[in-house]
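Chemist: here's my sequence, what's the structure:
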Amino acid sequence: MALPSGTTEYGVVSAEFDSDRPSVIPAGESQTQEVRLGNTGLIPVVAVLEPASDGIDVPDRRVSIPPRGEATPVVEISAPPETGYYRRYLATHRYLAVLPTPVIVGLANVHPWLPIVVIDTLLGGVFYLLGYPLLTGRVRTRRDDRRRDGLL
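Modeler: Down below sits the predicted model:
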């Protein structure tokens, strides 16, 4: 199942002065910022965060989000020594936590779509194995058509 994933843009102003605005960072320095990741579903979610440009770093690249909960990982955004406006990008991939987190992260390290394929195959296989016999009427039932005349 594909969950909301994508790339988030952070606009950063590299300035020669300090500012209270979180998007203004002194030239050549770094600033940490929290990212809010929510889960409105009933199944836990594993989010894998990857820097999609230079100047952004994620100390904890995998985050578990509980059902109906949220997580707030921290990203570190760097401003270059030259002043100006710069864009930084963070890619977020979300997966249903029906497999152990290290397995999901290992599959995501190979390719971001691989955990989706494996999870969908697993869920589809379970529904097929449980649903096919019920829908086709091939479930075996035992029936004793012999009449019992009170004998044990």
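Chemist: just name the shakiest helix or strand of the protein by mean pLDDT.
Modeler: Scoring the helices and strands of the chain by mean pLDDT, DSSP states H and E places helix 114-136 at the bottom, with a mean of 87.
Chemist: for that one, buried residues please.
Modeler: Buried residues in helix 114-136, counted by 16 or more other Cβ atoms under 10 Å: Pro115, Ile116, Val118, Ile119. Backbone N, C-alpha and C define where each C-beta goes, glycine included.
Chemist: any idea which element Gly11 lies in?
Modeler: Gly11 belongs to strand 6-15 when assigned by DSSP states H and E.
Chemist: what are the pairing partners of that strand, and which direction each?
Modeler: According to DSSP bridges, strand 6-15 forms sheet pairs with strand 24-26 (parallel), strand 84-96 (antiparallel).
Chemist: so which bits of the shortest one are buried?
Modeler: Meaning strand 24-26. Neighbour count says strand 24-26 has Ile25, Pro26 buried, by 16+ other Cβ under 10 Å.
Chemist: tell me how far that strand lies from the chain's centre.
Modeler: Distance of strand 24-26 from the chain centroid (Cα atoms, centre = their mean, to the nearest Å) equals 30 Å.
Chemist: hang on, the earlier thing: what comes into contact with the strand holding Gly11?
Modeler: 21, 23-28, 33, 35, 52, 55-56, 75, 77, 79-92 (Cβ atoms under 8 Å, 6 or more residues apart in numbering).
Chemist: now do the SS call for the closest residue to Arg62 other than its chain neighbours.
Modeler: The spatial neighbour of Arg62 that comes closest, neighbours along the chain excluded (Cβ to Cβ, 6 or more residues apart in numbering), is Val105 at 5.1 Å. Following DSSP: H, G, I helix; E, B strand; the rest coil, Val105 is assigned to helix.
Chemist: what's around Val105, how many residues?
Modeler: Residues lying near Val105 (other Cβ atoms under 10 Å) number 16.
Chemist: does Leu122 really touch Val103, like I thought?
Modeler: No. Using Cβ atoms under 8 Å, Leu122 is not in contact with Val103; the gap is 10.8 Å.
Chemist: make a markdown table out of the buried residues of helix 114-136 and add distance to Arg61.
Modeler: Converted to a markdown table, the buried residues of helix 114-136 look like this (distance: Cβ to Cβ, whole Å):
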| residue | distance to Arg61 |
| --- | --- |
| Pro115 | 14 |
| Ile116 | 18 |
| Val118 | 19 |
| Ile119 | 19 |
